[in-house]
Structure formats: C-alpha cells, structure tokens
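> here is a sequence with its predicted model. Questions after.
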Amino acid sequence: MTDGLLAPFLNAFAAIGRLALGLFATIGRVTAFIATTLVRAATPPYYPARFAAQLMEIGWFSLPVVGLTAIFTGSALAQQIYTGGSRFDASSTVPAIVVFGMVRELGPVLCGLMVAGRVASAMAAELGTMRVTEQLDALTTLRTDAYRYLIAPRLFACVIALPIMVLIANTIGIMGGYLLAVYKLGFNPAAYLNSTRQYLQFDDIQMAVVKAAVFGFIIAIMGCYNGFRTAGGAAGVGKATTDAVVSSFMLILFSDLIITIVAFG
C-alpha cells in the first residue's frame, strides 16, 4: 500500500534525475567538443581558403538581414522612447537612450540572434548531411582532419565576423533612430548628433565587441556540434538544425545576461 502511494513521487524524482544526468552528459560532450576543436585549430595544417569562404558566407551575406533589423529596431526604439518620455516631459532623452540601447544591448543581441538563425542552422544542416551521407568518414579515410578542415574555419570566421557586423549594426541602428527623430519627431539634426557623441563612450563599444565575439563562438560551436552528432537520416538533419538554432538562441541570451551582470553589476 505504501509503495503504491510513493510510486508517483519516486517516478517524478526518477524523471528529474534522468533529466539532470542528460543535461550533465550534454554539457560534458559539448565541453569535450570545444576542447578538441581548440586544440586541433591551434595546430597546422591550416586552410585559409576555407576560412575566407566562411568569412564571406557568415559575414558579408548576413549583412542585409542584420542591417534591416538594426535600422528598423533603431527607428522603433526612438519612437517608443519619444512616446514614453513625452508623458514625463523627458522626450529629449531619445538620443541618449537610443545609443545606449543599441550599442550596449539591442545591437549585439539582435545581430547574434539573426546570424544564429541563418548561420547555425546552415552549419548544422551542411555538416549533418555530410555525416549521414558518410562524407565525414570519407575525410577521415583521406587523412583529412574534419576539425581543422570544417570546424576551425567556421569558428574563426564567426568570432571575427560577428564583432564587425555588430559595429555596423550599431551604426545603422543609431542612424535609424536619427532619421526618425529628425524627419518625423522634429529633432534638430546637429543637437541630436551632439547628444549621441556625448553619451557614446568607448566602454560601450568595447562591451558590444566582447559580446559579439562570445556570440560568434556560441553560434559556431552549436552549429558544428549538432551537425557533427547528426544521426538518423533526413529526420536527424532536421532535428540537428532545430537544436542548433534553439541552443544558440538560449546560450546567446544567457551569456548576454552573464556578461552584463559581470560588467555592470
């Protein structure tokens, strides 16, 4: 009788235990994957042509969606701040809050999320397809290290491209706020630019670059890790792609919180 009453609680604890063990096992596998990638990437042979191709794919071809996201966000942010500030006679704070919001938070996070949706999914799909079609095994047969040939160029390209794209996104986002504030809300152009220059500090730019580099590392690792572990044919490739995007999003938001707390807490 007692065992029957305790069974639901024991099953619940067992489910929690299985979830915890699965989480720790995943963390261990990802950590081992990162360590292997960094060790292999630090030693020759290197593949500069692969790196250049990935830099173009990750950076240059992501600029349109990043630019559109930034300019729309900057414009909407300016409008929202003006509308809210007008209630407290604080509409003059639009330039300061736009530059703070874009450079410190919205620029890096939105750029990271947009690139993750585009790049992490592509990495997982490409590497996953290579795994299920045994192309990765063929590379091993040809004595080509997949970590050096496939993963290291993607990792370096992401870590380098993301900070550059974030700087561009921040500039475009601030410009979007400027255009809406000047041509719709009636701000003086010179006064708006002077306020922007006054409140923009080097520490803000440095923080945006640090966040972008971390986000780039997360995107490359999650995309390649999930692609490398693909199994189960076409369905497995689809699952790996979804897992890569979801895990990238979650880790980007979590790391953004941690970096912000460490820097400003």
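It's in. Residues are numbered from 1 along each chain as shown.
> residue 107: what's it in contact with?
70, 166, 169-170, 173, 208 (C-beta atoms under 8 Å, 6 or more residues apart in numbering). C-betas here are computed from N, CA, C, even on glycine.
> buried subset of the residues you listed?
Neighbour counting with 16 or more other C-beta atoms under 10 Å marks 70, 166, 169-170, 173, 208 as buried within those.
> mind listing the helices for the protein?
Residue ranges of the helices in the chain, as given by DSSP state H, are 2-41, 48-58, 63-86, 94-100, 107-115, 121-132, 135-141, 146, 152-183, 189-199, 202-228, 233-264.
> could you export those helices as TSV, including mean pLDDT?
Shown next, in TSV, are the helices of the chain (pLDDT from 0 to 100):
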stretch	mean pLDDT
helix 2-41	82
helix 48-58	92
helix 63-86	90
helix 94-100	87
helix 107-115	93
helix 121-132	92
helix 135-141	85
helix 146	87
helix 152-183	93
helix 189-199	88
helix 202-228	93
helix 233-264	91
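> okay, these, which one's buried deepest?
Scoring those by mean neighbour count under mean count of other C-beta atoms under 10 Å gives helix 107-115 as the most buried, with a mean of 25.
> next, the angle helix 63-86 makes with that helix.
If you take axes from the mean of the first three to the mean of the last three C-alpha atoms, to 10 degrees, helix 107-115 sits at 140 degrees to helix 63-86.
> tilt between helix 107-115 and helix 202-228?
If you take the same axes, to 10 degrees, helix 107-115 sits at 20 degrees to helix 202-228.
> quick one, helix 107-115 and helix 48-58 angle?
100 degrees.
> now residue 185. Nearest residue, chain neighbours left out?
residue 82 (5.3 Å; C-beta to C-beta, 6 or more residues apart in numbering).
> tell me the domain ranges of the chain?
Residue ranges for the domains of the chain, per automatic domain parsing: 1-43, 48-264.
> state the distance from residue 131 to residue 90.
55 Å (C-beta to C-beta, to the nearest Å).
> before we move on, what about residue 38?
48 Å.
> residues contacting the most centrally placed residue in the chain?
Central residue of the chain (C-alpha atoms, centre = their mean): residue 112, 3.2 Å from the mean position. Residues counted as contacts of residue 112 (C-beta under 8 Å, 6+ apart) are 162, 166, 211-212, 215-216, 218-219, 252, 256.
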